[in-house]
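Asker: how does the following fold in three dimensions:
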Amino acid sequence: MNQLPKYTWLIETIRRAGKISHKDLSDKWQRHKELSDCRPLHRATFNRWREAIYDQFSIMIDCQKTGGYLYFIANPQDIEEDKLKKWMLDSYAVGNVIGENLSLKDRILVEEIPSGRDHLTTILEAMKDNRIVTITYRPFKKSHGYTFPIEPYCVRLFENRWYVLAHNIRYGDIRLYGLDRMENVEVTSETFKLPKDFNAEEYFSTAYGIVVGTGEKPEKIIIRANEDHKHYLKSLPLHHSQRLIEDVGEYADFELFLAPTYDFVMKLLQVGSMIEVIEPAHLRRTMKGWISDMCQLYKND
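Answerer: Coordinates of the predicted model:
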């Protein structure tokens with residue numbers, strides 16, 4: 001069995017406990033039948049996993065010897081500050097929890113993710129060696145696919161779809177491709193040089209989602225969420241730049257700094273009248289235009 005689910009189980013179990021003895025760890029492990037096959041967690045195995053976890057994730061599982069031998073995560077800040085590591089561990093942790101409760105499978109509902117996972121593996125392998133990839137890509141509005149080479153720069157998960165940001169060799173520009181629209185992916189023997197100044201996080205830092213390079217400039221945006229919706233924005237911000245300006249009870253104002261692209265406008269429209277754009281004025285006009293068009297669809301009802 002792949003060791004990663006075991007490692008992530010161990011990390012998450014210790015994280016949740018704060019501090020825990022080897023005996024309690026072994027008891028919890030033994031109860032996780034899908035991973036442990038009802039076998040105890042022997043100390044030698046536990047120590048091997050501790051070393052492997054440090055080697056692979058740089059996560060240190062230390063031991064407090066005073067007051068009983070209790071194990072804890074010695075550098076939790078390294079997990080919190082590394083978004084990819086945190087996302088991966090959280091994802092596996094959720095998978096482990098569901099794995100422990102498969103008897104409830106008819107009562108656990110999840111969202112379906114469009115196909116593309118097989119292509120993700122191929123593209124990641126190409127990215128490791130900076131290899132050019134030939135893809136056959138079929139856009140939504142086309143009846144057939146097109147085959148061309150790309151240089152994969154980074155991948156991004158957004159709203160349950162995987163995308164690859166790549167340099168299109170044929171057209172000489174940077175484009176984003178949805179993995180679920182790829183009909184075929186082949187890694188070539190040719191390599192490319194990733195630009196020294198390319199930083200994936202910076203590239204998307206002022207984007208709401210995956211729409212970039214469409215001409216909109218990043219700017220300060222103020223939105224007002226009503227009493228019913230403000231709590232959702234507080235618990236799950238629309239963007240990393242979001243900050244609360246004021247909460248007056250019946251509504252709360254938030255400030256963001258991003259490019260007001262099409263996907264951002266669509267996100268605001270999803271919640272209807274629960275969010276109002278306060279500024280800039282041109283974004284208010286854009287919202288008004290969309291709302292007016294929607295009204296036309298129902299004017300005869």
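Asker: need the contact list for residue 83.
Answerer: With contact set as Cβ atoms under 8 Å, 6 or more residues apart in numbering, residue 83 has no partners. For glycine as for every other residue, the C-beta is placed from the backbone atoms N, C-alpha and C.
Asker: just the CA trace of the helix or strand hosting residue 53, in CSV.
Answerer: Assessed by DSSP states H and E, residue 53 sits inside helix 43-57. Only the C-alpha atoms of helix 43-57 are listed here, as CSV (Å, rounded to 0.1, in the frame of the first residue of the first chain):
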residue,chain,number,x,y,z
ARG,A,43,7.2,1.3,17.9
ALA,A,44,9.8,0.4,15.3
THR,A,45,7.3,1.1,12.5
PHE,A,46,6.3,4.3,14.2
ASN,A,47,9.9,5.5,14.4
ARG,A,48,10.4,4.6,10.7
TRP,A,49,7.4,6.7,9.8
ARG,A,50,8.6,9.6,11.9
GLU,A,51,11.9,9.6,9.9
ALA,A,52,10.1,9.3,6.6
ILE,A,53,7.7,12.1,7.4
TYR,A,54,10.6,14.4,8.3
ASP,A,55,12.5,13.4,5.1
GLN,A,56,9.4,13.9,2.8
PHE,A,57,7.5,16.8,4.5
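Asker: partners of the helix or strand following it, with directions?
Answerer: Proceeding N to C from helix 43-57, the next assigned helix or strand is strand 61-64, under DSSP H and E. Next to strand 61-64 in the sheet, as set by DSSP bridges, lie strand 70-73 (antiparallel).
Asker: and the spatially most central residue of the chain, which of the three is it?
Answerer: In the chain, the centroid-proximal residue (Cα atoms, centre = their mean) is residue 157; its distance is 5.1 Å. At residue 157 the chain is in strand, as set by DSSP: H, G, I helix; E, B strand; the rest coil.
Asker: low pLDDT regions in this protein?
Answerer: 1, 93, 96-97, 100, 110, 114-117 (pLDDT under 70).
Asker: quick one, helices of it?
Answerer: Listed in chain order, the helices of the chain (DSSP state H) span 4-17, 22-31, 33-36, 43-57, 76-81, 83-99, 117-128, 200-203, 230-235, 262-270, 281-297.
Asker: residues in contact with the fifth one: which ones?
Answerer: To tie it back to what came earlier, the one meant is helix 76-81. For helix 76-81, contacts defined as Cβ under 8 Å, 6+ apart pick out 15, 58, 59, 73, 85, 86, 89.
Asker: from these, which two are the most distant?
Answerer: 15 and 58 (15.0 Å; Cβ to Cβ).
Asker: between these two, who's got more neighbours?
Answerer: A count of neighbours by other Cβ atoms under 10 Å puts residue 15 above the other of residue 15 and residue 58, at 16 against 12.
Asker: how much space separates that one from residue 86?
Answerer: In this view, residue 15 and residue 86 are 11 Å apart by Cβ to Cβ, to the nearest Å.
Asker: what's the domain layout of this protein?
Answerer: The chain is divided into the following domains under automatic domain parsing: 4-107, 117-203, 219-297.
Asker: dump those domains into TSV; add distance to residue 211 as well.
Answerer: Output for these, formatted as TSV (distance: least, Cβ to Cβ, whole Å):
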stretch	distance to residue 211
domain 4-107	21
domain 117-203	8
domain 219-297	4
